[in-house]
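**Q** kindly generate the corresponding structure for this input.
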Amino acid sequence: MSRIGKRPIKLAQGVEVSFMGRQLSVKGPKGELELVAHPAIELKIDDENIYVSPSELKGPITPMLGTTWALITNMIHGVTEGFQKKLNLVGVGYRASVSQKILELNLGFSHPIKYTLPEGIKAKVDANTKIVLESSNKQLLGQVSAEIQKFRPPEPYKGKGILFEGEKIKRKAGKSGKT
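**A** Residues are numbered from 1 along each chain as shown. Okay, the predicted model is just below:
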């Protein structure tokens, strides 16, 4: 059985949890998230903890036990503190701006790229080249940041592109002349 799945999940202050049928709902100051629990997983909720356990002790359910535990932990962290991703635009003339729910990117193409942010994602731009994305849903935040990075992935020769904060690009040497 999963070792991490055996640990109880502590509920943070100000978080409301309800479990009806297979639907787990977590509500907090930063929003509300829902999860449909796997049929092989049983959830028990008391005043300050959530316990994840297998519904039957036979069969390969160990991966779902740890996965469900991690998903619930991320939901609780998301509705209390939230998640944040930072993207840096590296390149001459690369700029970003945000107005309402539209992120406009100038990435060296002949036209600006307009990306509509999904519901639950907040974006702000610092110094025209730093994008800060915030959300209570970790999966959605990762998906949106990956979609934005796809517009101009980092390239290894000049180091230009959209990079995550702290990401290092392994640089390659360009063409060498005749010897």
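**Q** chain neighbours aside, what residue packs nearest to S135?
**A** L141 (4.2 Å; Cβ to Cβ, 6 or more residues apart in numbering). Yep, even glycine has a C-beta here, placed from its N, CA and C like the rest.
**Q** host element of the one you found?
**A** Taking DSSP states H and E as the definition, L141 sits inside helix 138-150.
**Q** got a list of contacts for that helix?
**A** With contact meaning Cβ atoms under 8 Å, 6 or more residues apart in numbering, helix 138-150 is reached by 74, 77-78, 83-85, 87, 103, 105, 115, 117-118, 120-121, 131, 133-135, 161-164.
**Q** now for the residue nearest to S135, how many residues are close by?
**A** For L141, the tally of surrounding residues (other Cβ atoms under 10 Å) stands at 22.
**Q** and it, how close does it get to G78?
**A** Remark: distance between L141 and G78 (Cβ to Cβ, to the nearest Å) = 9 Å.
**Q** and the strands in this protein?
**A** With DSSP state E, the ranges of strands along the chain come out as 9-10, 16-20, 23-28, 31-36, 41-45, 49-54, 83-90, 95-99, 102-106, 113-116, 122-126, 130-135, 161-164.
**Q** let's have these in a markdown table, adding mean neighbour count and mean pLDDT.
**A** Formatted as a markdown table, the strands of the chain follow (neighbours: other Cβ atoms under 10 Å; pLDDT from 0 to 100):
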| stretch | mean neighbour count | mean pLDDT |
| --- | --- | --- |
| strand 9-10 | 16 | 90 |
| strand 16-20 | 12 | 89 |
| strand 23-28 | 18 | 92 |
| strand 31-36 | 15 | 91 |
| strand 41-45 | 15 | 88 |
| strand 49-54 | 18 | 88 |
| strand 83-90 | 18 | 94 |
| strand 95-99 | 16 | 93 |
| strand 102-106 | 17 | 94 |
| strand 113-116 | 12 | 94 |
| strand 122-126 | 15 | 93 |
| strand 130-135 | 19 | 94 |
| strand 161-164 | 19 | 92 |
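**Q** what's the closest of those strands to G66?
**A** Closest approach to G66 among the strands of the chain (Cβ to Cβ): strand 49-54, 8.7 Å.
**Q** which strands or helices does the closest one pack on?
**A** Other elements packing on strand 49-54 under the criterion 3 or more Cβ pairs under 8 Å, 6 or more residues apart in numbering; DSSP states H and E are strand 9-10, strand 41-45, helix 62-80.
**Q** any idea which of these is most buried?
**A** Among the helices and strands packed on strand 49-54, helix 62-80 has the highest mean neighbour count (mean count of other Cβ atoms under 10 Å), at a mean of 19.
**Q** for that helix, C-alpha coordinates in PDB please.
**A** The C-alpha trace of helix 62-80 is given here as PDB (Å, rounded to 0.1, in the frame of the first residue of the first chain):
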ATOM      1  CA  THR A  62      -1.800   1.600  -4.700                       C
ATOM      2  CA  PRO A  63      -1.100   4.200  -7.400                       C
ATOM      3  CA  MET A  64      -4.600   5.600  -7.100                       C
ATOM      4  CA  LEU A  65      -4.200   5.900  -3.300                       C
ATOM      5  CA  GLY A  66      -1.100   8.100  -3.500                       C
ATOM      6  CA  THR A  67      -2.500  10.100  -6.500                       C
ATOM      7  CA  THR A  68      -5.700  10.800  -4.700                       C
ATOM      8  CA  TRP A  69      -3.800  11.900  -1.600                       C
ATOM      9  CA  ALA A  70      -1.700  14.300  -3.700                       C
ATOM     10  CA  LEU A  71      -4.700  15.700  -5.500                       C
ATOM     11  CA  ILE A  72      -6.600  16.400  -2.300                       C
ATOM     12  CA  THR A  73      -3.400  18.000  -0.700                       C
ATOM     13  CA  ASN A  74      -3.000  20.300  -3.800                       C
ATOM     14  CA  MET A  75      -6.700  21.200  -3.600                       C
ATOM     15  CA  ILE A  76      -6.400  22.300   0.000                       C
ATOM     16  CA  HIS A  77      -3.200  24.200  -0.600                       C
ATOM     17  CA  GLY A  78      -4.800  25.900  -3.700                       C
ATOM     18  CA  VAL A  79      -7.900  27.200  -1.900                       C
ATOM     19  CA  THR A  80      -5.900  28.500   1.000                       C
END
